[in-house]
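[1] Model the structure of this input:
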Amino acid sequence: MRKTLRVHALRTAAIVGSLALALAGCGGTGEVSRPVAGTWEEVVAAANAEGAVTIYSTQAQPVLADLEKAFETAYPQIDLTVVRGVDADLLSRIDAESRTGKGTGDIAVITDVSWMQQAEGTDAAVEVVGPAFDAPEYRPADSIIEGKFFLEGAVILGFGWNTAGYPKGIRTAQDLLDPALKGKVGIVTPATSPTYIDYYDHIEENYGGRDFLRQLAQNNPRIYPSSQPLGQALASGEIVAALMCNPMLPERAAGAPVAWTEGPHVWGARWYGLALGSAPHPNAAQVLADFMVSRPGQQATSPGYGAVLPDIDGALAVAQDVPDQNLEVTIGEGAERYRNEWEGIFQ
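    All right, here's what the predicted structure looks like:
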């Protein structure tokens, strides 16, 4: 059964603290940066003075490039630096920066709900504020957890294929068992993110259970660390079919011979953003967070994904309506047991 996270409405009080004020972090030597007190206009002015902001994100590189362009157009005095990675690597980096108080990242976008639960009540993230968070169309009561973790979108994963290498295409998971695809199917390891465990749980629930995975293993699939390099391998012809990939809109727009389907059972994972407690640019972090859930920000990041606002061109789903992860298999002993069982099948 999918567990629903405890969601709280965004508190609309004025931003607390002052520029460059640091409060001692709990449980370590780190410090928590706070944005200026005052109006939103004063926060933006302070962000412009900071002049830079860095995002750590698990989102696809083309999406992040579009976000960078849109944000710097809206806020030309602030330079956005993008650091992309998988949940495991980014969260390790965030934890280290939080412990030491020597931060490089200002904003993060992740899918690891278990980490968020562990971070509740700590100084890893600070409360987010801004006019876009108060907009009724954002559905703040459904979109913000503890005032800190804000819903930014949702990745929708499905089945992909290289139209030149496998023109008959993929319609459902069972199509990947075609003997002609032996050694040519790409899959993603669940070791890098609980989100991938959730996807495999979805596959088992809807496409034949553990027996399907065992049959797929007999087709000698290639294993990738995340869906992004898998998509690149599909576009290049290194593989010709994929169990787990996004719609690959940039690749298709560039002329790559790839196609995609969500299959008969749609799966998605929510992306949550947070302003980091160790942020060296706390005001720019707030401005970027607000921009990401505004209409221009969503138009940059949501085509081919789930959007947190209605009527975003190219969005595939409403992110607020994407079910939460199955926490019985994505955290704790359940996650460890699933990874071990998966490795026993595929490695």
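
[2] Can you pull out the low-pLDDT segments for the stretch 101-250 of the chain?
    For the stretch 101-250 of the chain, no stretch has pLDDT under 70.

[3] what about the strands in it?
    Shown for the stretch 101-250 of the chain, the strands assigned by DSSP state E, counting those that start in this stretch span residues 107-110, 125-126, 144-145, 149-162, 185-188, 222-224, 241-245.

[4] by how many degrees do the longest one and strand 241-245 diverge?
    Meaning strand 149-162. Angle of strand 149-162 versus strand 241-245, following axes from the mean of the first three to the mean of the last three C-alpha atoms, to 10 degrees, is 170 degrees.

[5] Packing partners of strand 149-162?
    Contacts defined by 3 or more C-beta pairs under 8 Å, 6 or more residues apart in numbering; DSSP states H and E place strand 149-162 against helix 140-143, helix 227-236, strand 241-245, strand 258-261, strand 267-276, helix 295-301, strand 306-307. To be clear about C-beta, it is placed using only N, CA and C from the backbone, and glycine gets the same treatment.

[6] could you dump those to JSON lines with distance to residue 326 and mean neighbour count?
    As requested, these are exported to JSON lines (distance: least, C-beta to C-beta, whole Å; neighbours: other C-beta atoms under 10 Å):
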{"stretch": "helix 140-143", "distance to residue 326": "19", "mean neighbour count": "17"}
{"stretch": "helix 227-236", "distance to residue 326": "19", "mean neighbour count": "21"}
{"stretch": "strand 241-245", "distance to residue 326": "16", "mean neighbour count": "26"}
{"stretch": "strand 258-261", "distance to residue 326": "23", "mean neighbour count": "20"}
{"stretch": "strand 267-276", "distance to residue 326": "11", "mean neighbour count": "26"}
{"stretch": "helix 295-301", "distance to residue 326": "25", "mean neighbour count": "22"}
{"stretch": "strand 306-307", "distance to residue 326": "18", "mean neighbour count": "24"}
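
[7] Which one of those lies nearest to residue 107?
    Nearest to residue 107, of all these, is strand 267-276, at 5.9 Å by C-beta to C-beta.

[8] In terms of secondary structure, what does that closest one contact?
    Applying 3+ C-beta pairs under 8 Å, 6+ apart, one finds that strand 267-276 contacts helix 87-100, strand 107-110, helix 113-119, strand 125-126, strand 149-162, helix 194-206, helix 282-292.

[9] Mind doing that once more with 7 Å?
    Counting contacts by 3 or more C-beta pairs under 7 Å, 6 or more residues apart in numbering; DSSP states H and E, strand 267-276 packs against strand 107-110, strand 125-126, strand 149-162, helix 194-206, helix 282-292.

[10] Of all the ones you listed, which one is nearest residue 95?
    With C-beta to C-beta, the closest approach to residue 95 among these belongs to strand 107-110: 11.1 Å.

[11] tell me the contacts of residue 50?
    Applying C-beta atoms under 7 Å, 6 or more residues apart in numbering, we find residue 50 in contact with 281, 283-284.

[12] Just put those residues in TSV and tack on neighbour count.
    What follows is those, written out as TSV (neighbours: other C-beta atoms under 10 Å):
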residue	neighbour count
281	27
283	27
284	31
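
[13] which parts of stretch 103-122 are buried?
    Of the residues in stretch 103-122, 103-117, 119, 122 count as buried by neighbour count, 16 or more other C-beta atoms under 10 Å.

[14] Stretch 128-139 too?
    Counting neighbours by 16+ other C-beta under 10 Å, one finds that the buried residues in stretch 128-139 are 128-130, 132-133, 138-139.

[15] Residue 79: which of those residues is nearest?
    Using C-beta to C-beta, the buried residues of stretch 128-139 come closest to residue 79 at residue 130, 19.6 Å.

[16] Next, that closest one: phi, psi?
    Phi and psi for residue 130, reported as degrees, to the nearest 10, are phi 140, psi 160.

[17] Which members of the buried residues of stretch 128-139 are the farthest-apart pair?
    Pairwise distances across the buried residues of stretch 128-139 (C-beta to C-beta) peak at 16.9 Å, for the pair 129 and 139.

[18] which SSE is the residue lying closest to residue 249 once chain neighbours are set aside in?
    The shortest distance from residue 249 to any non-neighbouring residue, by C-beta to C-beta, 6 or more residues apart in numbering, is to residue 304 (4.1 Å). Here residue 304, judged by DSSP states H and E, is contained in no helix and no strand.

[19] Contact partners for residue 304?
    Per C-beta under 7 Å, 6+ apart, neighbours of residue 304: 246-247, 249, 314, 316.

[20] Do I have it right that residue 224 meets residue 188?
    Yes. Between residue 224 and residue 188 there is a contact under C-beta atoms under 7 Å: 5.4 Å.

[21] Would you mind telling me which of the two has more residues around it?
    Counted by other C-beta atoms under 10 Å, residue 224 and residue 188 do not tie: residue 188 has more neighbours, with 26 against 23.

[22] what sits against the more buried one?
    196, 224, 226-227, 230, 244.

[23] Likewise for residue 256?
    Residues near residue 256 by C-beta under 7 Å, 6+ apart: residue 235.

[24] what does residue 307 give?
    Counted by C-beta under 7 Å, 6+ apart, residue 307 has contacts 153, 298, 315, 318-319.

[25] Those residues into CSV, with extra columns for distance to residue 214?
    Output for these, formatted as CSV (distance: C-beta to C-beta, whole Å):
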residue, distance to residue 214
153, 34
298, 40
315, 36
318, 35
319, 33
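
[26] ok, which pair from these is furthest apart?
    Using C-beta to C-beta, the contacts of residue 307 reach their maximum pairwise distance at 298 and 318, which is 11.4 Å.
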